[in-house]
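*Asks:* Sequence and predicted structure below; questions after.
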Amino acid sequence: MVALASRSIKDKKLTPLGKARERTAYKFIAIPVLYFVITRALPTIFSFVLSFMKWDLLSPQKSFVFLDNYKAIMKDPAISAALINTFEYVIVCVPVMTVLSLILALLLNEIVKGRSFFRLLVFIPYVTSVVAISWVWKWMFMANGGVINMIFKALGLPAQQFLNSTSQSILVIMTNVIWASIGFNTIIMLAGLMQIPQTYYEAAQMDGASSWQQFRHITVPQLNPTLVYIAVMGTIRTLQVFTQVYNIAGVEGGPLKSTTSLVLEIYLTAFKRYKMGRASAITVVLFVIIMLITIFQMKVLNRETD
């Protein structure tokens, strides 16, 4: 049967109609492939080549320095601080946003009346401008005259330094990252929940399984691909955090580089210090980190579906 099916497919490709359809398919595919090559592949290759060169952006001359840019960023304390902060963003934000998204999705899945309204309400943070929300966050958490400190004062609580504190400012940005991402994650999680057959829960209830047992042995295993997807995509997005840091903490990722990130340092190195080669080296490092996480995602998903 397999041989016959394979033979019929080959015969179909040899027909004029099959060839015409194949040419049409290639024409449609060519446009997105060309777009990908121009906007993704070529800039990536250019950045990789540029990472081995010294170029100050203002001069057309580029000199080959091999690994000097990589050695320089390894010795740069600002890059070290950015790398540590970036992983702190990932370690804190991704688990929190994943758990909160799961809780919200479970609650939304139980709502019958006004379900569409509450789904829209949860999704609003994701479609809201990150820049606008970042400035709202900055206004809320200002040390002097901020909304949160005004509430603390009204409650008789001591005012906090927030954005002026090296320990609190990064937490402020983390809350913004979590809040901005939770809507998208919740909708994806809800879609995963709705795909779980209700017969599983009915059979478990007939066997006397408690709500916790149903969640542990049915919901979590069935949601595992969705949880992995959300966790990995959330990690990739958080590794590229920039807008929140730039708008809330300032262009230098202050105070004292306590909130800076790798992407912010790429921007500063390229467009403030005009060291394009060194900025490209940081970009390559970030690209490798993201690529390794993507490979990990593919392996985990393939293992779960096998």
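*Replies:* Received it, and whenever you're ready, just let me know what you need.

*Asks:* list the contacts for the closest residue to Lys257 other than its chain neighbours?
*Replies:* Spatial nearest neighbour of Lys257, excluding adjacent residues (C-beta to C-beta, 6 or more residues apart in numbering): Ala81 at 4.6 Å. Backbone N, C-alpha and C define where each C-beta goes, glycine included. Counting by C-beta atoms under 8 Å, 6 or more residues apart in numbering, Ala81 touches Lys257, Ser258, Thr260.

*Asks:* tell me which element Ala81 is part of?
*Replies:* Assigned by DSSP states H and E, Ala81 belongs to helix 77-110.

*Asks:* Now the next helix or strand after that helix: buried residues?
*Replies:* Counting by DSSP H and E, the next helix or strand C-terminal to helix 77-110 is helix 115-127. Buried residues in helix 115-127, counted by 16 or more other C-beta atoms under 10 Å: Arg119, Val122, Pro125, Tyr126.

*Asks:* Let me see the contact set for the second one.
*Replies:* Going by C-beta under 8 Å, 6+ apart, Val122 touches Leu104, Leu108, Ile182, Gly183, Thr186, Ile187.

*Asks:* just the first one next, same as before
*Replies:* Shown in contact with Arg119 (C-beta under 8 Å, 6+ apart): Leu108, Ile187, Leu190.

*Asks:* Do a quick rundown of the helices in the stretch 201-306 of the chain.
*Replies:* For the stretch 201-306 of the chain, applying DSSP state H, counting those that start in this stretch gives helices covering 211-214, 220-239, 243-244, 262-271, 276-305.

*Asks:* The ones you listed: which one's closest to Asn144?
*Replies:* Proximity to Asn144, assessed across those by C-beta to C-beta, is greatest for helix 243-244 (21.0 Å).

*Asks:* what comes into contact with the closest one?
*Replies:* Residues from elsewhere that reach helix 243-244 (C-beta under 8 Å, 6+ apart): Val130, Val131, Ser134, Trp137, Ile173, Asn176, Val177, Ala180.
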